[in-house]
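> Quick one: sequence and predicted model below, then my questions.
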Amino acid sequence: MNPPRTRGPIARLVIGLWDAVNFSRRLVFNILFLIVVVIVLAVMFGGGKIAPPADRSALVIAPQGRLVEQFSCDPISRAFARATRGSDCRELRLRDVLRALDAARTDKRIERVVLELDEFQPGGFASLREVAASLAKLRASGKQVIAYGDNYSQGQYLLAAQANEVYLDPMSQGGVMLEGLAAYRQYFREGLQDKLGVDMHLFKVGEFKSAAEPYVLDAASPEAKQADLYWMGDVWQRMLADIGKARGINPATLSARINALPEQVTAANGDLAQLALTQKLVDGLKTQEDVDKLLAERGVADADADGGFRQVSLDAYLKHLDGALPQADMRPQVGVVVAEGEIAGGEQPAGKVGGQSTAELLRQARDDDKVKAVVLRVNSPGGEVFASEQIRREVAALKDAGKPVVVSMGDVAASGGYWISMNADRIYADQSTITGSIGIFGLFPTADRALDKIGVHTDGVATTRYAGAFDITRPLDPGVATIVQSVIDKGYRDFTGKVAKARGRSIEQIDEVARGRVWSGEQAKARGLVDAFGGLDAAVADAAARAKLGKPDKWQTQYIERTVKPFEQLFGGFVQSRAGLALLRASGIGETLLLQHLKAQAPLRLLDTVMQQRGNVRVMPLAHCFCAVE
C-alpha cells in the first residue's frame, strides 16, 4: 500500500487560504440572510396594525408614476421601483385614490387634503375626471383641498384646479401649461419599403380604421385626421369646461389665452409663474417651504413629520383602511373584473388582457355562488380578434347563468375593447372616454426585396401553389392577398353583426357608426353605442340593483383578479418598509433586481404582434385602436 501523498508547503498555504475565503464567504452570506429574515419578521409581526391617523391630520396625496386601473408590475417590481425611485413600475391605482378620498370625506380625523402632483403621470381623461369629481365632492363636504406644484401639466392641473387653493413655485420653469390635445405619430412607409425593402401589406375594412396607417403611408389619411379631430375637439372642450367651472373662468377665455400664448408669455417677460397668477390659474406663488409653513399654521405643527405638519400619506391611509376591513364578510358580492391593456391570446400578465386569463376570471365569477353580478371594467384599445371573442363569450355565458353584467368603460374601450363590452346588460362610460373604432385589420410583411439588397434570394419547389405562400422571404401572391382580405371582410361582418344583435340595432345602423371610427363617450352615447354616463361606482350600483341585492350595506364589492403569491406579498411589504428601503438604497441591490423585472416597450410593438403567428394563423386579424393623445 502506497503512503498518502504529502502536499508541499506552498500547496498547503494556497489550500488553507482558499478554505478561509470559502468559510468567510459562507459566513457573510449567512449573516446577511439572517439579517433579512429578522427584518422581514419584524415587519410582519412587529409592525402590527397601522395606527389610525391622529386628529387634525392632513391627507397628503403625492402620487408617483402612472394612474392605472390595475398594476402592470408584480408586487416585488413595484416595491423595488419605489425603493430605488425607478419610473417604469411606479403606478397608482385609480380605485385606491377614489376610496381614500371617499373615506377622507367623512373621516373626522382628516382636516384637509394636500395634493402634490409633480411626479404624477396622468392617465386618460375619464380616470382624471373621476378623481376630479371625487375631489370636488370632498371639497363640497367642507374639507379643504390645497394643491402645490413646481409645474403643472394640463392633466395635473385638472386635479389641482379642484382645490380651494392652488400654489405654484415662483421660480417655476413650466408654469401651468394648457396647450390643447395632439395626436401625432411617426410614419414608416418610406423607411420600411423604399429604403429597407420591407413591404407591409395592409388588409382592412373601414376608411377610418387608421391603426396600421403608419406602416403603409407617409402621413395620416384625410379620414384619420377628420375622425381624430372630431373626437379630440369634443374631449378638449369638456376639459376646458371642467377647468373653467372649478376656477370660475370662462372656457372661451382659456381657449383665447392658449391661442395668444406667445404674446402672453412675452408680456410677462417670460415669467410663467407670474403669468399663471395673473391669469388666476393659481392663487399664489409659494415655495415648498412656504406651503409647509402654511399647513403647519392651519393644522398641527409636528417637527418629526415631513414638512413639519401633522399628516398621513396616501399609502399609510390606505393601509389603515385595509386594516379596518372585516376579515370575514359573507355578504353577497358584485364582482369586478378589470380588463386593462392590449388584448392578446392565451395567458397574459396584469396590465394586459389575455384571451384565456381574462376569460378565466369571468368564468371564476360565474362559478362562484357568492358573486351575484359582475362589472367588467374595460380600459383597453383592443388587440387580437379571437382573444376578444373568447372574453365576449364569457360575458354572454355569465348572462346565460342569470348573473347581470355591466360594463364600466375607463379611459379607452375601443375596437377590441368595445368587442368585449358589447354584450353587457348596460354600458357606462365617461363623456370623455375614447370608444368605438369598430373595425378590424390585418398586416403582413414581406422581406424579399430587403434580402435582395444584400444578395440573399429565396427559391425552391412546392406541391401546390399556396404551399409556403406565407413565407415572408417571398413576394405576396395575389391569390393569398385575396384570401386574407376575404377573411378580414368576414371579421368585420362578424363584428358589426354581433354589435347589432347586442345593441338591438340593424347592421346598417351599426355600419354607419362603425368603419373603424373613434368616438368620445358623449358622441358614442348619441349614436347608441353607450347606454349611460357614470364611473365605476355607478356601474357597480347598477349591477347590484339588477341582481336585487338591496341597500349598499347588504352587499360588497369584490375584485376578481390574480391572487398575489405569499412570497410576493411578504417581500413586497418588506421592501416598502423603512428598514427595507434603507437596506436597498444603501446596497444598490434594488437597481440590479429591478432591471430583471422591467419589460422594454418597443416603438414598433404592433410589428411584434404581427410577427407572432400562432398555430395555423398566418395573418392575425386585429381589432386595435391607436387613439392616444398628448
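Received the coordinates, thanks.

> Do you have the helices of the stretch 451-600 of the chain handy? List them.
Secondary structure of the stretch 451-600 of the chain (DSSP state H, counting those that start in this stretch): helices located at 478-503, 507-513, 521-526, 536-546, 566-576, 578-587, 589-597.

> same question for the longest one, mean pLDDT?
Per-region confidence: helix 478-503 scores 95 on mean pLDDT.

> what separates it from the chain centre, distance-wise?
30 Å (C-alpha atoms, centre = their mean, to the nearest Å).

> cool, and stretch 395-410?
With C-alpha atoms, centre = their mean, you get 23 Å for stretch 395-410.

> cool, stretch 424-439 as well?
That offset, for stretch 424-439, works out to 17 Å (C-alpha atoms, centre = their mean).

> Just the terminal-to-terminal distance for that stretch.
19 Å (C-alpha to C-alpha, to the nearest Å).

> Go through it and flag the buried ones.
For stretch 424-439, burial by neighbour count (16 or more other C-beta atoms under 10 Å) applies to 424-439. In this view, the C-beta of every residue, glycine as well, is placed from N, C-alpha and C.

> Closest one of those residues to Tyr157?
The shortest approach to Tyr157 among the buried residues of stretch 424-439 belongs to Ser432, at 15.5 Å (C-beta to C-beta).

> Can you verify my assumption that that closest one contacts Ala126?
Yes. Counting by C-beta atoms under 8 Å, Ala126 is a contact partner of Ser432 at 5.5 Å.

> Now do the same contact list for the residue nearest to Val395 when sequence neighbours are not counted.
In space, and not counting its chain neighbours, Val395 is closest to Asn423: 4.8 Å by C-beta to C-beta, 6 or more residues apart in numbering. Asn423 makes contacts with Arg392, Val395, Ala396, Lys399, Val405, Lys498, Ala502, as judged by C-beta atoms under 8 Å, 6 or more residues apart in numbering.

> If the residue nearest the centre of the chain is in a bridge, with which residues?
Among the residues of the chain, Val68 comes closest to the average C-alpha position under C-alpha atoms, centre = their mean, at 3.7 Å. Val68 has these beta-bridge partners by DSSP bridges: Arg93.

> Any figure for the gap between it and Ala276?
29 Å (C-beta to C-beta, to the nearest Å).

> thinking again about what came up before, the residue nearest to Val395 should be in a strand, yeah?
No. Counting by DSSP: H, G, I helix; E, B strand; the rest coil, Asn423 falls outside a strand, being coil.

> Use 426 as the first number from now on
Sure, I'll start counting at 426 from here, so that last one is Asn848.

> could you measure it against Ile913, distance?
22 Å.

> Out of the buried residues of stretch 849-864, which sit inside strands?
Using DSSP state E, the members of these that fall within strands are Arg851, Ile852, Tyr853, Ala854, Ile859, Thr860, Gly861.

> ok, the first one - contacts?
By that I understand Arg851. Contact analysis of Arg851 by C-beta under 8 Å, 6+ apart lists Val831, Val832, Asp956, Ala957, Ala964, Asp967, Arg971.

> separation between it and Leu961?
Relative to Leu961, and taking C-beta to C-beta, Arg851 is found at 13 Å.

> Next: the fifth one.
Between Ile859 and Leu961 the computed distance is 17 Å (C-beta to C-beta).

> Also the third one?
Tyr853 is 8 Å from Leu961, where distance means C-beta to C-beta.

> Overlap in contacts, the two.
Ser833.

> Mind listing what's buried along stretch 540-549?
Leu540, Glu541, Leu542, Asp543, Phe545, Gln546, Pro547, Gly548, Gly549.

> from memory the third one sits against Tyr577, does it?
Yes. Between Leu542 and Tyr577 a contact is recorded at 7.0 Å, counting by C-beta under 8 Å.

> who touches both of those two?
When contacts are counted by C-beta under 8 Å, 6+ apart, the set common to Leu542 and Tyr577 consists of Ala585.

> first vs last residue of stretch 546-555, how far apart are they?
In stretch 546-555, first residue to last residue: 15 Å (C-alpha to C-alpha).

> Stretch 568-581 now?
Terminal residues of stretch 568-581 are spaced 20 Å apart (C-alpha to C-alpha).

> List the residues that contact the residue nearest to the centre of the chain.
When contacts are counted by C-beta under 8 Å, 6+ apart, Val493 is found next to Glu516, Leu517, Arg518, Leu519, Gly548, Glu765, Gly776.

> go again using 10 Å as the cut-off
For Val493, the contacting residues are 516-520, 546, 548, 552, 763, 765-766, 775-776, 804, 835-836, by C-beta atoms under 10 Å, 6 or more residues apart in numbering.

> For the residues you listed, which two are the farthest from each other?
For the contacts of Val493, the maximum inter-member distance is 19.0 Å, found between Gln546 and Val763 (C-beta to C-beta).

> Could you list the low-pLDDT ranges of this protein?
Applying pLDDT under 70 to the chain flags residues 426-441, 454, 457-458, 461-475, 501, 503-513, 749-752, 989-1045, 1049, 1051-1055.
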